[in-house]
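Chemist: sequence first, then the predicted structure:
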Amino acid sequence: MRRGKRTRDFDAVIAAPFGRVGFMLEGDAITDISFLDKNTPLSPPRAPQARKVSRTLKSYFGNPGITFRLPLKLDGTPFQQRVWRALRRIPAGKTLSYGVLAKKLATSARAVGNACRANPVPIIVPCHRVVASNGMGGFMGKRSGSPLDLKQWLLAHERKE
């Protein structure tokens, strides 16, 4: 689903209920999580931290209420960092509209959406929990197709808890 990264760039590619998830580390910190096509070859984690991240993501697929306690290295503007911190405060199973989150951050809904689109570590920074006031909204910069199906899956998964 995300383009531009090759499988060998990832520290691991693991199976997920909706396809594959690849992630990258810099030292022990996660720098990228990408949703990949179900036909992407699996690549087992080799380093200890990659095994820990893999176990944690697999735990989330079984229990969406887990708390992520993994180091992150997020490259983004100060504004994006502020939005991403706010996203991490939205509990699993809950959503906020772009407008409500924007009001809390004294900014615009469009700016919140742009920061969500730039989020390098979805799931851990749960941009899928931000929805439009009149429906699902977008996901990964798209308003239809497989990214929106993925957003719906993540939200439904978290409501099962």
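Modeler: Cool, the structure landed. Numbers count the residues shown, from 1 in each chain.
Chemist: for the chain, which residues score under the pLDDT cut-off?
Modeler: The model of the chain has pLDDT under 70 over residues 1-8, 138-145, 161.
Chemist: what ranges do the strands span in it?
Modeler: Counting by DSSP state E, the chain has strands at residues 12-16, 19-26, 29-36, 96-97, 130-131.
Chemist: let's have those strands in JSON lines, adding mean neighbour count and distance to residue 51.
Modeler: Glycine gets a C-beta too; all of them are placed from N, C-alpha and C. Output for these, formatted as JSON lines (neighbours: other Cβ atoms under 10 Å; distance: least, Cβ to Cβ, whole Å):
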{"stretch": "strand 12-16", "mean neighbour count": "19", "distance to residue 51": "8"}
{"stretch": "strand 19-26", "mean neighbour count": "20", "distance to residue 51": "11"}
{"stretch": "strand 29-36", "mean neighbour count": "20", "distance to residue 51": "13"}
{"stretch": "strand 96-97", "mean neighbour count": "18", "distance to residue 51": "33"}
{"stretch": "strand 130-131", "mean neighbour count": "24", "distance to residue 51": "31"}
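Chemist: got the ones you listed as CSV, with distance to residue 114 columns?
Modeler: Formatted as CSV, the strands of the chain follow (distance: least, Cβ to Cβ, whole Å):
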stretch, distance to residue 114
strand 12-16, 26
strand 19-26, 22
strand 29-36, 18
strand 96-97, 15
strand 130-131, 12
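Chemist: what's the closest of the ones you listed to residue 55?
Modeler: strand 12-16 (9.5 Å; Cβ to Cβ).
Chemist: now do that closest one against strand 29-36, angle only.
Modeler: Angle of strand 12-16 versus strand 29-36, following axes from the mean of the first three to the mean of the last three Cα atoms, to 10 degrees, is 50 degrees.
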